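S.K.: I would like to see how this sequence folds:
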Amino acid sequence: MTSSWSLYIIVLTTVCLMLTVWVLFGNRKRPNDQAGVTTGHAYDGIEEYDNPLPAWWFYMFVITIVFAIGYLIAYPGMGNWKGVLGWTSLNQWESEVQKADEKYGPVFAAYSDKSLEEIAADPNAIKMGQRIFANNCSQCHGSDARGNLGFPNLTDDDWIWGGSPEQIHTTLIQGRQAAMPPWIAVLGEEGAHNVASYVLTLSGAQEPNDASAAGETQFKTICAGCHGVEGKGNQMLGAPNLTDDIWLYPNPETGLIDISAIMHGIRNGRNGKMPAFSGVLSDDKIHLVAGYVYSLSKK
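M.R.: Below is the predicted model of the structure:
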């Protein structure tokens, strides 16, 4: 926080406290000649008197003001002032994480020497991996791990980067970055349409036609470098298989693949990103999640 913002917050907070004290004590008592004066308001024949607060209510306000001053001395709240206790939300979070690691770390570590195949066959390990997955992965892949538009389904046997234990583990540790460039500048609108038509024929979603025949040559010239001549993809590059009926980016309105969805990818490219969890989860937790994910496609 800059010094100017810090000063602004300090001044604003101090002025608000002073005004509160002034209003509270300024209305503590009434002169004798104003005793029994009403506010002029009447409700159902009941008049509202302009009397000071009852003593117990007044002292409750005083206690809250004293508490506020003590709080601002002890904790951050006055600009860059860090408080005499040195408390920060980060320190508290780190302390809670440390306590949790001390308590549950040995439980997770008990599975560190097991292979992912062994973890996938262990009901207790699966439950732990599922809970960690729910807290860290379900936001994208869904609580049932069946994915969503742009987020892969982890319960089938179709893998963009590979579904072996080692490949799943690497994906969790390092993350993944999609890298399909936009091709509209190279293909043009007609070329993009032709290539999309050909891609639809690869999975049998469309019968071959003149457009797909023209797109086949362009596909094998431009797209085969990643997706392969037959369109079966390349897991080393993260290039998906285009010959099955599993699509990461179907039409968002229908949930089905069509030429408009494929052309959108050709025009604009795809840059989906899977974050790396090496700095988020411990190695033991990553191991359990990897085992859980591996088990999903083996059911």
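S.K.: what's around the closest residue in space to N51 that isn't next to it in sequence, how many residues?
M.R.: Residue nearest to N51 in three dimensions, not counting chain neighbours: R30, with 7.0 Å by C-beta to C-beta, 6 or more residues apart in numbering. Placement of C-beta: from N, CA and C, glycine included. Using other C-beta atoms under 10 Å, R30 has 14 other residues around it.
S.K.: please report the distance of R30 from T20.
M.R.: 20 Å (C-beta to C-beta, to the nearest Å).
S.K.: gap between the residue nearest to N51 and A42?
M.R.: Counting by C-beta to C-beta - R30 and A42 are separated by 20 Å.
S.K.: repeat for P182
M.R.: Distance, P182 to A42, by C-beta to C-beta: 73 Å.
S.K.: compare those two (neighbour count), which wins?
M.R.: Neighbour totals were compared for P182 and A42, and P182 leads with 15 against 10 (other C-beta under 10 Å).
S.K.: that one - that's part of a helix, no?
M.R.: No - the assignment for P182, made by DSSP: H, G, I helix; E, B strand; the rest coil, is coil rather than a helix.
S.K.: which other residues reach the helix or strand of the chain with the lowest mean pLDDT?
M.R.: Least confident helix or strand of the chain, by mean pLDDT, DSSP states H and E, is strand 38-43 with a mean of 78. By C-beta atoms under 8 Å, 6 or more residues apart in numbering, the surrounding residues in contact with strand 38-43 are E47, E48, Y49, D50.
S.K.: got a winner among the residues you listed for most neighbours?
M.R.: D50 (14 neighbours).
S.K.: where does it fall, phi/psi-wise?
M.R.: Main-chain dihedrals, D50, degrees, to the nearest 10: phi -90, psi 70.
S.K.: pretty sure it is touching R30, no?
M.R.: Yes - assessed by C-beta atoms under 8 Å, D50 is found in contact with R30 at 7.4 Å.
S.K.: what do the two both touch?
M.R.: Common neighbours of D50 and R30, using C-beta under 8 Å, 6+ apart, are V37.
S.K.: shouldn't L149 be in contact with P250?
M.R.: Yes - contact criterion C-beta under 8 Å: L149 and P250 qualify, at 7.1 Å.
S.K.: quick one on the thing from earlier: what mean pLDDT does the helix or strand just after the least confident helix or strand of the chain have?
M.R.: Note on strand 38-43: by DSSP states H and E, the next helix or strand toward the C-terminus is strand 46-49. Across strand 46-49, pLDDT averages out at 82.
S.K.: after strand 46-49, which helix or strand is next?
M.R.: helix 55-74.
S.K.: chain center to that following helix: distance?
M.R.: The chain centroid and the centroid of helix 55-74 are separated by 39 Å under C-alpha atoms, centre = their mean, to the nearest Å.
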